[in-house]
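Trainee: Quick one: sequence plus predicted model below, questions after.
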Amino acid sequence: MKGNIAAIVLIVVGVIALGANLDLFHVNIFVLLSTWWPLIPIAVGLAMLFSPDGRKGR
């Protein structure tokens, strides 16, 4: 699960960056990050909460 979330985040960031470079849409990454940065630790915490820790069956 943790690897899937990281892959999805990288794909989304790449699509946004490519779209901004090709002038498909105008996005100010710094304003976006300054507004939505609290979602990063929330997502990491949820990934840690729901990922298997390898101690099943003990």
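Mentor: Yep, that arrived. Numbers count the residues shown, from 1 in each chain.

Trainee: which residues in this protein form helices?
Mentor: Per DSSP state H, the chain carries helices over the ranges 2-21, 29-36, 39-50.

Trainee: I'd like those helices written out as CSV, with mean neighbour count added.
Mentor: In short, each C-beta sits where N, CA and C put it, glycine included. As requested, the helices of the chain are exported to CSV (neighbours: other C-beta atoms under 10 Å):
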stretch, mean neighbour count
helix 2-21, 11
helix 29-36, 10
helix 39-50, 11
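
Trainee: is it possible to export these to a markdown table including mean pLDDT?
Mentor: Below are the helices of the chain laid out as a markdown table (pLDDT from 0 to 100):
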| stretch | mean pLDDT |
| --- | --- |
| helix 2-21 | 79 |
| helix 29-36 | 81 |
| helix 39-50 | 80 |
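
Trainee: Look up the pLDDT of residue 56 for me, please.
Mentor: In this model, residue 56 is scored at 53, pLDDT.

Trainee: Dead centre of this structure: give me the residue that sits there.
Mentor: The structure's the chain has its C-alpha centroid closest to residue 9; by C-alpha atoms, centre = their mean the separation is 3.4 Å.

Trainee: Could you find the closest non-adjacent residue to it?
Mentor: residue 43 (7.7 Å; C-beta to C-beta, 6 or more residues apart in numbering).

Trainee: With residue 25 instead?
Mentor: Nearest non-adjacent residue to residue 25, counting by C-beta to C-beta, 6+ apart: residue 19, 5.3 Å away.

Trainee: The one you found touches residue 27, doesn't it?
Mentor: Yes. With contact defined as C-beta atoms under 8 Å, residue 19 reaches residue 27; the gap is 7.3 Å.
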